[in-house]
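In: no letters, just coordinates:
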Ligand SMILES: [Fe+2]
């Protein structure tokens, strides 16, 4: 009795910390790159914000740039049937031009190829030149510093949250983001994946923003997010981890400890896997292993 009571009070404490954290902003602020003090303060608050005129795409990388430079590169994409497919980049782009629904999600191979056209200095400065142990694992052992996302109209993805933070550089097209922060007991699908939390979409409580080329979005670790678009969009994502003090904050620690103790292997597997998003697009395996209810949730999100 005492145990269940104290568990319940721990859960409600975690929920109210989450509510305070989410409630500390009512909209995602857009700050001009020249306002460096404001950017530093927003980063310190650990809530999402947009940087305008960030100037972080100096080589104007876009769809035609990647088509010209890397036509023969093999990529793993999600095809219109929501299955993973390995094809050449020029073939993928030709299908997209014909209006077919394809997607690249967190492509670290293309991210590595594009590394030399981007710099991390700007983000390092915002981060106060912090280097974390998880950065070391992500950037040096797993080679996952940059990842490319390419979406086409109608693509859907699950509302999810993960251990790493990201700076998103929007390269081409406009993409709408839905952001939310939740306590552990507000998350419906904690264990559907071996890593990442998944949750139902609740547009009424989400912060919404549309990212345009030239803008950068800061998305802190464990903020829930999903995107949609009605055009072809391309973005480059700088992946990193926050200092440990962030993961011990009252609003964050229940999520972090849940992952740490309940699925350390899933997290480590993700950190070190060749692909950044293992399991996404693994529709055939899920159809064999998931329940009807889980499958209907995954189906609504293109199994990704
Ligand atoms: Fe994500």
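Out: Yep, it's here. Computed from a predicted model, the values in this text were never measured in an experiment. Residues are numbered from 1 along each chain as shown.
In: chain center to stretch 58-66: distance?
Out: How far stretch 58-66 lies from its chain's middle: 21 Å, per C-alpha atoms, centre = their mean, to the nearest Å.
In: let me redo that: stretch 164-182
Out: 7 Å.
In: and for stretch 137-145?
Out: Offset of stretch 137-145 from its chain centre (C-alpha atoms, centre = their mean): 16 Å.
In: got the buried residues for that stretch?
Out: 137-139, 142, 144-145 (16 or more other C-beta atoms under 10 Å). Backbone N, C-alpha and C define where each C-beta goes, glycine included.
In: now do stretch 47-59
Out: Judged by neighbour count (16+ other C-beta under 10 Å), stretch 47-59 contains these buried residues: 47-51, 54, 56-57.
In: show me those that map onto helices.
Out: Using DSSP state H, no member of the buried residues of stretch 47-59 sits in helices.
In: now render the buried residues of stretch 137-145 as TSV, adding secondary structure, pLDDT and distance to residue 299.
Out: What follows is the buried residues of stretch 137-145, written out as TSV (DSSP: H, G, I helix; E, B strand; the rest coil; pLDDT from 0 to 100; distance: C-beta to C-beta, whole Å):
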residue	secondary structure	pLDDT	distance to residue 299
137	helix	80	33
138	helix	81	31
139	helix	85	35
142	coil	76	30
144	coil	87	28
145	coil	93	33
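In: hang on, the earlier thing: which one of the buried residues of stretch 47-59 is nearest residue 169?
Out: Nearest to residue 169 among the buried residues of stretch 47-59, counting by C-beta to C-beta, is residue 56 at 4.9 Å.
In: against residue 44, how distant is the closest one?
Out: With distances taken as C-beta to C-beta, to the nearest Å, residue 56 is found 20 Å from residue 44.
In: ok, now residue 208?
Out: From residue 208 to residue 44 the distance is 24 Å (C-beta to C-beta).
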